[in-house]
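K.L.:
Generate coordinates for the sequence data below:
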Amino acid sequence: MKIGVIGPSDKEIMEFINKICDVKIVEYAMLKFYVGNYEGVEVVAVICGVCKVNAAITTQILIDKFEVTHVILTGVAGGLDKKLKIGDTIISNDIAHHDVSKEILIEYHPYMKDIYFRANSQLINTCEKIMKSKDISNKCYVGRIITGERFITNNEREELIERFNPLCVDMESASVAHACYVNNIPFVVIRSISDNADEDASNSFKNNVNIAALNSMKITEEIIKELKFIGCN
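P.N.:
Residues are numbered from 1 along each chain as shown. Got it, this is the predicted structure:
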């Protein structure tokens with residue numbers, strides 16, 4: 001087992017990277033990959049950069065060059081569901097591009113049956129076990145994440161909620177899921193809420209990114225510990 005751990009920015013993953021033992025840095029495509037082990041599990045961690053193309057490039061390199069067997073994307077997101085509070089954590093069950101038309105995914109490669117990429121069920125179950133058994137202070141939810149390459153306005157919020165019924169929105173998850181899907185690699189996304197995906201999102205993100213990122217990283221670390229003992233398919 002070798003787990004690829006992706007974070008869009010240094011604030012979203014650097015604290016985890018600093019805990020990797022026997023770390024070696026390998027560079028591809030202007031990206032630094034931190035190779036080592038965490039709690040006895042082989043890991044490759046990387047800051048992918050913001051937005052879809054960066055996330056997709058990073059995921060494919062993890063699969064091709066490092067032969068990771070599983071991928072975890074960790075970081076922050078904008079909340080769309082009204083029940084979500086700053087710091088709450090979302091575990092993906094399915095993920096969609098909100099800015100790609102259905103026909104592009106169904107009529108062309110990868111010829112999907114619908115627009116949703118499903119996260120690995122065993123990884124989701126492991127997250128749910130952690131949520132129930134570990135000392136997780138923030139609330140955690142399992143649900144849908146949507147991805148697009150633009151900040152969301154108040155008007156767009158309602159449209160996206162009506163079309164997708166998502167919990168949160170970000171700029172990378174669907175691309176990581178997309179790359180994992182075509183390579184048949186199990187994945188899960190863990191995102192904590194840093195803002196409400198509205199006009200104040202930028203300020204809210206700056207104020208809350210650190211605490212939200214820590215919440216996501218805590219669950220990411222616990223997943224890796226659990227996989228050490230149970231394995232995953």
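
K.L.:
Flag the shaky bits of this protein, pLDDT-wise.
P.N.:
134, 197, 199, 201, 230-233 (pLDDT under 70).

K.L.:
which residues in it form strands?
P.N.:
Assigned by DSSP state E, the chain shows strands spanning 2-7, 21-28, 31-38, 41-47, 70-79, 89-97, 117-118, 140-147, 168-170, 187-195.

K.L.:
Once you drop chain neighbours, what's closest to Asp99?
P.N.:
In space, and not counting its chain neighbours, Asp99 is closest to Gly148: 3.9 Å by Cβ to Cβ, 6 or more residues apart in numbering. The C-beta positions use only the backbone N, C-alpha and C, and glycine is treated the same way.

K.L.:
circling back: output the strands of the chain as CSV; include the columns mean neighbour count and distance to Ala177.
P.N.:
Formatted as CSV, these follow (neighbours: other Cβ atoms under 10 Å; distance: least, Cβ to Cβ, whole Å):
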stretch, mean neighbour count, distance to Ala177
strand 2-7, 25, 11
strand 21-28, 11, 21
strand 31-38, 17, 19
strand 41-47, 22, 16
strand 70-79, 28, 8
strand 89-97, 24, 4
strand 117-118, 20, 4
strand 140-147, 22, 8
strand 168-170, 28, 11
strand 187-195, 28, 6
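
K.L.:
of these, which approaches Glu158 most closely?
P.N.:
Among these, the nearest to Glu158 by Cβ to Cβ is strand 168-170 (12.7 Å).

K.L.:
closest one to Thr126 among the strands of the chain?
P.N.:
Here strand 187-195 is closest among the strands of the chain (Cβ to Cβ), at 8.3 Å.

K.L.:
Tabulate the strands of the chain in TSV, adding columns for distance to Tyr181.
P.N.:
Putting these into TSV (distance: least, Cβ to Cβ, whole Å) gives the following:
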stretch	distance to Tyr181
strand 2-7	15
strand 21-28	22
strand 31-38	21
strand 41-47	19
strand 70-79	11
strand 89-97	9
strand 117-118	5
strand 140-147	13
strand 168-170	17
strand 187-195	8
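
K.L.:
Figure out which of those is closest to Leu214.
P.N.:
strand 187-195 (8.0 Å).

K.L.:
Fine by me, thanks again.
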